[in-house]
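Asks: Got a sequence here, can you model it:
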Amino acid sequence: MPTDARVVVCPAGPGPLQIQDISLPDPGPYQVVVKQFASGICHSQLHQMHGPRQAPTVLGHESTGVVIAAGREVSHVSEGDHVMVTWVPRDPNATRKPDPVSLQLDDGSIARSQGVFTWADTTIADEQFIVALPKDAPVDVTAIIGCAVMTGSGAVYHTAAVNEGESVAVYGVGGVGLSAIAAAAVIGADPIIAVDLSEEKLRFAEKFGATIGINASECDPVERIREITQMPEGTTSFGAPAAGVDYAFDCIGIKTTMEQILPSVRPGMLGHNTGGMAVLVGVPQTNVEIDARDLLVNEKKYIGSIGGSCRPDRDFPMFLRWFNEGDLLLNDLVTERYTLDQINEATDALTSGEISGRSIIEL
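Replies: Sure thing, here's the model as predicted:
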């Protein structure tokens, strides 16, 4: 039978987010209905809220909950199981493409999602977006594994494949950036340089493994990174300064930082080794200009990382292990908690930069 749910709806036109009472349908063969415990509030949802829309939208893509109904073809979870909801399909070998969810509202309009929606007390999703959560795991802070942790930690661990002793710079130390720093610390990267405009956030990043903080409001972060990472050889065979980190991650996605990460990484030495890697992690809202000569002559790499190159079935247990072993401080990473009725307050706080780590909705 249908399930009653309170769901946050972003209207097609201007105006605040609305909470609507919606009747969720019975799950289809490959769908799961989840009564939720907590949901993360991700910066990428702000892009959806502030961008143009042709129809109402339902938001959110990381959460925890308990299965209250499952379709007949769902075999990896069942009623009563604790689960995590994410936006990346869990099984890369599946031949069936997961279906995004859309909901009919009281006025007859259709609210669409980008695959899943988790700003709700109850959600329905394709089983590809549902990952099992051990029943002895906390159900609040683990909600952010489905995006923030996966995106930041995965970019370091999988996309860049950072090795022990290699140097890392992370631009932007919000929830995703702190997750990247935590992964770099687990790997044993050195140094781990945090770059932000807030001295408070830079001090906070030390708790997660940052060894050096650079306040970009007080200096040129690229020049400061080069000062910190001067190499013994002094210059490359083309005369470029031999300085820079092995990997630089932009966890913001604005034009300034997207253009800073490439010059932040070290040049290569012709006939000896290739240059460093700049990794775009934050969701960009504009195009950028990069120095193509620097990219070519110094044999650097500029790549993107979507969802941290993660596979949820494979990686979520690893992130839970890091948490259990004290290497991923989820209790510290979640810095603000809101109720569903406070969703506009929560998104306003995120927009104005008031969230140090990651905020969640407790349901």
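Asks: How is the chain partitioned into domains?
Replies: Annotated domains of the chain cover 3-146+329-362, 149-307 [automatic domain parsing].
Asks: Endpoint to endpoint, the longest one covers what distance?
Replies: Chord length of domain 3-146+329-362, first to last residue, is 20 Å (Cα to Cα, to the nearest Å).
Asks: Would you mind writing the CA trace of stretch 242-259 as PDB?
Replies: Output of stretch 242-259 as PDB, limited to C-alpha atoms (Å, rounded to 0.1, in the frame of the first residue of the first chain):
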ATOM      1  CA  ALA A 242      61.000  22.900  -9.400                       C
ATOM      2  CA  ALA A 243      58.300  23.300  -6.800                       C
ATOM      3  CA  GLY A 244      54.700  22.200  -6.200                       C
ATOM      4  CA  VAL A 245      52.800  19.400  -4.600                       C
ATOM      5  CA  ASP A 246      52.300  16.000  -6.200                       C
ATOM      6  CA  TYR A 247      48.500  16.400  -6.100                       C
ATOM      7  CA  ALA A 248      46.200  19.500  -5.800                       C
ATOM      8  CA  PHE A 249      42.500  19.000  -5.200                       C
ATOM      9  CA  ASP A 250      39.800  21.700  -5.800                       C
ATOM     10  CA  CYS A 251      36.900  20.800  -3.600                       C
ATOM     11  CA  ILE A 252      35.100  24.100  -4.300                       C
ATOM     12  CA  GLY A 253      34.600  24.400  -8.100                       C
ATOM     13  CA  ILE A 254      34.800  28.200  -8.500                       C
ATOM     14  CA  LYS A 255      36.800  29.800 -11.300                       C
ATOM     15  CA  THR A 256      39.600  31.000  -9.000                       C
ATOM     16  CA  THR A 257      40.400  27.700  -7.400                       C
ATOM     17  CA  MET A 258      39.900  25.700 -10.600                       C
ATOM     18  CA  GLU A 259      42.600  27.800 -12.100                       C
END
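Asks: From the chain's centroid, how far away is it?
Replies: 17 Å (Cα atoms, centre = their mean, to the nearest Å).
Asks: Same question for stretch 69-85.
Replies: Distance, centroid of stretch 69-85 to centroid of chain: 24 Å (Cα atoms, centre = their mean).
Asks: Quick check: buried residues in that stretch?
Replies: By 16 or more other Cβ atoms under 10 Å, the buried positions in stretch 69-85 come out as 69-71, 74, 76-77, 81-85. From N, CA and C alone the C-beta is placed, and that goes for glycine too.
Asks: which other residues reach that stretch?
Replies: 3, 26-34, 36, 61-68, 116, 118, 123, 125, 127, 129-135, 137, 139, 142-143, 145-146, 312, 316 (Cβ atoms under 8 Å, 6 or more residues apart in numbering).
Asks: residues contacting the residue lying closest to residue 185 once chain neighbours are set aside?
Replies: Leaving aside its chain neighbours, residue 185 sits nearest to residue 209 (2.7 Å; criterion: Cβ to Cβ, 6 or more residues apart in numbering). Residues counted as contacts of residue 209 (Cβ under 8 Å, 6+ apart) are 181-182, 184-186, 192.
Asks: and if you look at residue 207?
Replies: So residue 207 contacts 329, 332 (Cβ under 8 Å, 6+ apart).
Asks: Show me the contacts of residue 209 that map onto helices.
Replies: 181-182, 184-186 (DSSP state H).
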